[in-house]
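Asker: Here is my input, please return the structure:
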Amino acid sequence: MSIRKVRVEDAVGMVLMHDMTKIVPGEYKGPVFKKGHIVCEEDIPCLKDMGKEHIFLIELTEGQVHENAAVDRMAKAVAGANLVLTDPAEGRVNIKTAINGLLKVNRDVVDAVNCIEHAVLSTLHSNRVVKAGDIVAGVKIVPLVVDETTVIEVETIGRSHSGLLHVLPMTEKKVGVVITGNEVYYGRIEDKYAPVIAKKMNLYGAKVTDTIFQPDDQEKIVGAITELKNKGVDIVIATGGMSVDPDDVTAAAIRATGAKVVTYGSPVLPGAMFMLAYLGETAVIGMPACGMYSKITVLDLVLPRILTGEKLVKSDIAKLGYGGLCEMCSECRYPQCSFGK
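Answerer: Numbering: from 1, shown residues only. This is a model prediction of the structure:
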């Protein structure tokens with residue numbers, strides 16, 4: 001690569017080889033003139049206002065790639081299903097989601113890309129719920145020009161790991177709810193849990209189709225879970241009765257249905273007494289009382305993954321401990337926080 005220095009007054013008619021950025025602190029940062037722009041007389045005052053006395057014209061040598069062409073190729077190599085790319089600008093391409101869904105990122109492969117000299121791949125965390133149009137990753141190179149070998153390395157990694165970065169749709173699932181507890185069943189107190197569950201399901205695009213109230217009676221809870229499964233629900237959520245108190249029988253009832261238990265207990269606070277099991281293809285969730293009064297719990301980390309059709313195993317739950325402590329902020333900012341990350 002060779003660089004030729006030209007006074008802005010002498011640059012009229014020349015073609016810019018890279019974006020020229022203007023920064024107004026607190027107001028604006030972005031390209032005023034983009035790569036390919038032909039400099040005209042009217043541009044000279046603006047360039048001088050930007051502090052530019054000279055323009056540097058880049059002449060590429062064989063085997064070199066301009067920053068915008070490089071990041072365009074790199075972004076195409078790493079972006080998977082349900083993602084779209086912005087046009088290159090200032091040596092960067094943003095990757096956006098085309099749908100509402102769950103972002104999946106292979107962290108090890110992201111690390112591998114970022115070990116390549118001059119390559120930059122910055123992403124959101126995996127298993128993040130995203131909405132159509134959200135920026136989920138940015139791709140950039142450091143210099144204005146990069147050896148094509150850098151681009152080829154990223155492209156090779158992208159071809160070898162098709163699931164590096166993609167978004168899974170969360171399909172609408174039918175949810176059956178079993179509200180347990182003598183105090184609610186016999187009318188001593190008003191139930192507060194069913195509306196909370198319904199609201200949470202709506203948030204993630206699921207639908208509560210049936211709600212059954214049962215006392216702290218193992219046999220009756222087993223019957224309710226079995227009834228909901230036979231009705232064809234995709235997920236059963238049994239609330240309450242999940243502690244080690246002898247009167248709490250919900251966990252035992254879930255086991256007694258014949259469901260295969262993935263975990264009883266999770267390394268997430270709130271949500272330590274959480275239970276996940278599968279009765280055939282039906283996910284059965286034992287949800288402790290924290291789900292009623294805590295805005296964000298282990299359910300927010302697990303439910304979106306179930307809604308994509310993912311079948312969780314014990315190790316998936318174990319990994320939730322890192323970042324699994326909710327800080328109970330006075331104003332909840334989830335998912336713009338460390339919880340579940």
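Asker: for Val233, what are its contacts?
Answerer: Residues near Val233 by CB atoms under 8 Å, 6 or more residues apart in numbering: Lys173, Lys174, Val175, Gly176, Thr209, Asp210, Thr282. All C-beta spots, glycine's among them, are computed from the backbone N, C-alpha and C.
Asker: In contact with the fifth one, which residues are there?
Answerer: In other words, Thr209. By CB under 8 Å, 6+ apart, the contact set of Thr209 is Lys174, Val175, Gly176, Lys231, Val233.
Asker: Surely the last one is in a strand?
Answerer: Looking back up the chat, that one is Val233. No - assessed with DSSP: H, G, I helix; E, B strand; the rest coil, Val233 is coil; it does not lie in a strand.
Asker: And stretch 312-329, what's buried?
Answerer: Leu312, Asp316, Ile317, Leu320, Gly324, Cys326 (16 or more other CB atoms under 10 Å).
Asker: pLDDT (mean, whole number) over it?
Answerer: The average pLDDT within stretch 312-329 is 97.
Asker: got any ranges where this protein has weak pLDDT?
Answerer: Applying pLDDT under 70 to the chain flags residues 1-3, 15, 36, 58-59, 246.
Asker: That one - how does it break down into domains?
Answerer: According to automatic domain parsing, the chain comprises the domains 2-59, 64-168, 174-321.
Asker: that older thread, hmm, which two among the buried residues of stretch 312-329 are most spread apart?
Answerer: Using CB to CB, the buried residues of stretch 312-329 span at most 19.8 Å, a distance reached by Leu312 and Cys326.
Asker: Quick check: the residue nearest to Val6 when sequence neighbours are not counted vs Pro31, distance?
Answerer: Leaving out its chain neighbours, the residue that sits closest to Val6 by CB to CB, 6 or more residues apart in numbering is Ile55, at 5.1 Å. As judged by CB to CB, to the nearest Å, Ile55 and Pro31 stand 14 Å apart.
Asker: Looking at those two, which is more packed in?
Answerer: Between Ile55 and Pro31, Ile55 has the larger neighbour count (other CB atoms under 10 Å), namely 21 against 15.
Asker: Double-check the more buried one against Ile44; I have them as touching.
Answerer: No - Ile55 is beyond contact range of Ile44, at 10.3 Å (criterion: CB atoms under 8 Å).
Asker: Now do the shared contacts for the two.
Answerer: Common neighbours of Ile55 and Ile44, using CB under 8 Å, 6+ apart, are Val8.
Asker: residue contacts, the residue nearest to the spatial centre of the chain?
Answerer: Nearest to the mean C-alpha position of the chain, by CA atoms, centre = their mean, lies Arg128 at 2.1 Å. Arg128 is in contact with Leu102, Leu103, Val136, Pro335, counting by CB under 8 Å, 6+ apart.
Asker: Which strand residues bridge it?
Answerer: Arg128 has these beta-bridge partners by DSSP bridges: Leu103.
Asker: Over to Thr211?
Answerer: In this entry, Thr211 is beta-bridged to Val177, by DSSP bridges.
Asker: surely it meets Tyr193?
Answerer: No - counting by CB under 8 Å, Thr211 does not reach Tyr193; the two are 9.6 Å apart.
Asker: so what sits against both of these two?
Answerer: Listed contacts common to Thr211 and Tyr193 are Ile179; contacts here mean CB under 8 Å, 6+ apart.
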